[in-house]
Every structure is written in C-alpha cells, then in structure tokens.
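give me coordinates for this.
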Amino acid sequence: MRLWITTAPDDFSAEFDDIEQMFSRGLSRLILQKRSRTGAPYATESEYERWLMALPMECRDRIWVRGTPDLAERLDVRGCVAEATSLLGYVPESWKRVNCIAFCRNLEQLEMLPEWVAGALVGPVFQPQSVYEPVQVLGVGKVVDKLIACGSTRDSSNSEQGTSAFKIPQVIAFGGIDHENLDEIKKLPVQGVSVLGGIWNYADPVNAFIKLSRAI
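Predicted coordinates:
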C-alpha cells in the first residue's frame with residue numbers, strides 16, 4: 001500500500017520545508033491541490049507554477065496536480081488528479097500519455113473509467129478532518145463490498161505492493177485517514193491511501209508523516 005499526501009489547501013510559512021523533509025524521508029506521491037487566492041476552489045495555473053518554483057525541480061516527478069492532463073504537462077509534473085467525469089468518453093490522445101488519477105465522487109464511477117486511467121481516488125471513507133461541516137461518507141464496509149464486486153483484490157502472494165484484478169491499476173482511499181484508523185483502512189482491497197488532515201492538522205506534520213509512513 002502506497003502513501004499519498006495531499007497539500008494543505010492554503011499556504012503556510014513552513015510548508016515547503018516540511019514537504020522537502022517528507023520527500024527526503026521517502027515521500028514519493030504528493031497531490032498539489034490549492035485554493036486560489038481569489039477564493040476559487042482551485043488555484044490558477046500561474047499560482048501553481050509560483051508554488052512549484054519554491055521546490056527543487058527534481059521534486060516535480062513526485063507531484064500530481066489537481067486539474068487536467070494538459071495542466072500537468074504544462075507544469076511538467078508527474079501527473080494529474082482529474083474529475084472522473086472529464087476522463088469518460090472521448091478525450092484527446094495526448095491525455096492518455098499523462099499519468100491520470102480519477103477523482104471519483106461515487107463508487108459507480110469506478111466501473112466507468114477507461115483502462116488507460118492510472119488510478120482512482122475513492123472516498124471519503126471517513127469524515128474528512130479538513131472540512132468544517134460534516135459530509136456524506138462511504139464507510140469501510142461499503143467500499144469493501146463495491147471493490148470486491150468490481151473485482152479488486154489484494155494478492156496475498158504479493159501483500160507488500162498489492163495487485164488488482166480491477167481494470168484500474170490502483171485504487172486509492174481518501175477521507176479522514178490517519179494513524180489512528182489505519183487498521184480499518186488496511187481491511188480495504190486498495191493499493192494506496194491519500195491523507196490531508198491526518199498530516200497537516202498536526203503541530204508537527206513531518207513527524208505525523210513519519211509515523212503514518214512507518215505504520216503503512
């Protein structure tokens with residue numbers, strides 16, 4: 001099971017130092033998702049570019065940006081996290097060469113994703129720690145039932161990495177995940193977990209990352 005970290009939605013003073021420390025301690029998958037300074041849900045391309053400029057260029061190979069495959073190519077990052085609906089049906093051939101992770105707003109979208117998509121974010125499994133009001137959650141039981149029905153399995157002969165018979169190579173659980181409920185997450189037939197509040201809500205995010213990474 002692989003650990004994905006999603007950036008805090010708003011910038012803070014020690015953010016880049018913390019992220020560089022996490023990279024140096026083994027973080028290989030960072031989802032760049034920021035609010036725009038204008039109040040829009042997502043940052044603009046120029047805002048993302050300015051943010052990326054604060055990190056060494058080699059870090060971009062470990063970063064997936066929240067947006068389109070075109071945006072990921074222009075920013076020269078590893079890939080993108082895109083709305084599942086935007087990846088259905090006809091898409092430009094150029095999109096298929098980008099490592100795309102589909103953001104699924106319901107479990108049914110998993111079955112609709114084309115085979116060229118590299119992975120799918122599924123959740124929230126638990127109540128997210130990064131939201132101010134309660135949201136509808138899927139729960140461990142519902143996710144397990146759906147993934148098993150879709151054919152997603154953990155290969156007991158290769159338990160460290162996990163494999164999937166499902167047509168999407170990797171399913172990544174998100175929503176309210178931290179070291180305290182990781183044992184529940186391990187019951188899921190998924191290949192990764194994405195964490196936001198379980199890292200950035202702590203006074204020492206780097207230590208929270210180390211603790212969670214070791215547990216995984």
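
please, where are all the strands along this structure?
Secondary structure of the chain (DSSP state E): strands at 2-6, 30-32, 63-66, 79-83, 99-104, 119-122, 171-174, 192-195.

let me have those in JSON lines, extended by mean pLDDT and distance to residue 24.
Bear in mind the C-beta positions are built from the backbone N, C-alpha and C, glycine included. Output for those, formatted as JSON lines (pLDDT from 0 to 100; distance: least, Cβ to Cβ, whole Å):
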{"stretch": "strand 2-6", "mean pLDDT": "97", "distance to residue 24": "14"}
{"stretch": "strand 30-32", "mean pLDDT": "98", "distance to residue 24": "13"}
{"stretch": "strand 63-66", "mean pLDDT": "98", "distance to residue 24": "15"}
{"stretch": "strand 79-83", "mean pLDDT": "98", "distance to residue 24": "21"}
{"stretch": "strand 99-104", "mean pLDDT": "96", "distance to residue 24": "23"}
{"stretch": "strand 119-122", "mean pLDDT": "93", "distance to residue 24": "25"}
{"stretch": "strand 171-174", "mean pLDDT": "92", "distance to residue 24": "23"}
{"stretch": "strand 192-195", "mean pLDDT": "95", "distance to residue 24": "18"}
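
go through these and name the closest to residue 128.
Closest to residue 128 of these, according to Cβ to Cβ: strand 171-174, at 8.1 Å.

measure residue 31 to residue 16 for me?
Separation of residue 31 from residue 16 (Cβ to Cβ, to the nearest Å): 16 Å.

ok, the two, which is more surrounded?
Neighbour count, other Cβ atoms under 10 Å: between residue 31 and residue 16, residue 31 has more, with 23 against 15.

what bridges to the more buried one?
Beta-bridge partners for residue 31, by DSSP bridges, are residue 6, residue 64.

OK, contacts around it?
4, 5, 6, 7, 63, 64, 65, 66, 81, 101, 194 (Cβ atoms under 8 Å, 6 or more residues apart in numbering).

same list (those) but as a markdown table, adding distance to residue 120 and neighbour count.
Converted to a markdown table, those look like this (distance: Cβ to Cβ, whole Å; neighbours: other Cβ atoms under 10 Å):
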| residue | distance to residue 120 | neighbour count |
| --- | --- | --- |
| 4 | 12 | 23 |
| 5 | 18 | 27 |
| 6 | 15 | 23 |
| 7 | 20 | 19 |
| 63 | 18 | 24 |
| 64 | 13 | 27 |
| 65 | 17 | 28 |
| 66 | 14 | 22 |
| 81 | 10 | 23 |
| 101 | 7 | 26 |
| 194 | 11 | 23 |
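
picking up where we left off before, ok, which of the strands of the chain comes nearest residue 180?
Across these, residue 180 has its closest neighbour in strand 192-195 (11.7 Å, Cβ to Cβ).

who's in contact with the closest one?
1-6, 29, 31, 119, 121, 123, 170-174, 177-178, 182, 185, 212, 216.

ok now stretch 94-114, how far from the chain's centre?
12 Å (Cα atoms, centre = their mean, to the nearest Å).

endpoint to endpoint, it covers what distance?
15 Å (Cα to Cα, to the nearest Å).

what of stretch 191-208?
21 Å.

now tell me which helix or strand of this structure has the poorest mean pLDDT.
helix 140-150 (a mean of 69; mean pLDDT, DSSP states H and E).
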